[in-house]
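Student: Quick one: sequence and predicted model below, then my questions.
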2 protein chains.
Amino acid sequence: MNYTQQLRDHHLKVTPQRLEIAQALEHYGHLTIDTLYTILKKKFDSISLATIYKNINLMTQNAFIQEVKIPQAKSVYELTKASHSHLVCDKCHQVEDITLDLSMLVIQASKTSEFQIEKTSLVFNGICSKCQ
Amino acid sequence: MNYTQQLRDHHLKVTPQRLEIAQALEHYGHLTIDTLYTILKKKFDSISLATIYKNINLMTQNAFIQEVKIPQAKSVYELTKASHSHLVCDKCHQVEDITLDLSMLVIQASKTSEFQIEKTSLVFNGICSKCQ
DNA sequence: CTCTGTGCAAAGCGTTTGCAAACGA
DNA sequence: TCGTTTGCAAACGCTTTGCACAGAG
């Protein structure tokens, strides 16, 4: 997919580096900063880590991408899409998306806590089918 | 509470610093590294940040305490207790515990994904009753 | 043409490490 | 006594910043 328009929609100027970040995230689903750097180095041999960081930060602020914090592991980044949960394999460290209906949970938590809940982050750790 | 025995149970030598870390976590529930440092400095004016880090790391490895990773905020640490979820206030950054039955969710996720799920981390972001 | 993004090098900051002295068992 | 912990200082690694040049709009 060509992300030119999506970048513009998020008030981000279109640059080859940004397009490539989007492509890489589309292709791999979830990437750490340094993996992203390794991938982009193949296309732009003189790319700087600073460029990755600056773009990741901007793109995160503009909600084009999202950080996923994972228990006892590095954060990964993903393209922003419909709200979903994550499965992390403790052996191969792959991250998978999973869509679950959390509405009952949110209702229950709201009642119990008097919090006005706005966002839910759910991460499962376990062993994926390949690694079992 | 006196944590002497619990520390021993987790194969940790008992030191005044460790007892104080346990006390602080009991009292405040959830603490960041630097808040913990500030608190312990009051008791041990010459305590080093390195001591905090070394102990937090050891105590985490031995499952005496646990790290809670929070979206767009610093990690907090808590005494290990029965599995539970967390509510984070986006205004005052307080963290609350909440116990929810996640068994249906785990069953559903296991079916959908073929993951062998071992741990579930659930964090709600929102606004607490005081801040509303 | 103007403003933003890129790459580089340096700075910054949280975390870890090495070591000598103090302490726990 | 012996092995572990503490505090200090230095080192480390990840992230950010400043700047000159290149590129987007």
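Tutor: Yep, it's here. Computed from a predicted structure; not experimentally measured.

Student: Would you confirm that A:Glu96 belongs to a strand?
Tutor: Yes. Looking at A:Glu96 with DSSP: H, G, I helix; E, B strand; the rest coil, it is inside a strand.

Student: just checking, it touches B:Ala109?
Tutor: No. Using CB atoms under 8 Å, A:Glu96 is not in contact with B:Ala109; the gap is 10.2 Å. Where C-beta positions appear, they are placed from N, C-alpha and C, glycine not excepted.

Student: Are there residues contacting both of those two? Which ones?
Tutor: By CB atoms under 8 Å, 6 or more residues apart in numbering or on different chains, A:Glu96 and B:Ala109 have these common neighbours: A:Leu87, B:Phe115.

Student: Next, the buried residues of whichever strand or helix holds A:Glu20.
Tutor: Taking DSSP states H and E as the definition, one finds A:Glu20 inside helix A:16-28. Under the neighbour-count criterion of 16 or more other CB atoms under 10 Å in any protein chain shown, helix A:16-28 has A:Gln17, A:Arg18, A:Leu19, A:Glu20, A:Ile21, A:Ala22, A:Gln23, A:Ala24, A:Leu25 buried.

Student: relative to helix A:16-28, how tilted is the helix or strand that it is followed by?
Tutor: Where DSSP H and E defines the elements, the next helix or strand beyond helix A:16-28 is helix A:33-43. Relative orientation of helix A:33-43 versus helix A:16-28 (axes from the mean of the first three to the mean of the last three CA atoms, to 10 degrees): 120 degrees.

Student: I'd like to know which elements helix A:33-43 is packed against.
Tutor: helix A:16-28, helix A:49-61 (3 or more CB pairs under 8 Å, 6 or more residues apart in numbering or on different chains; DSSP states H and E).

Student: what about A:Gln17, distance to B:Ala82?
Tutor: 47 Å (CB to CB, to the nearest Å).
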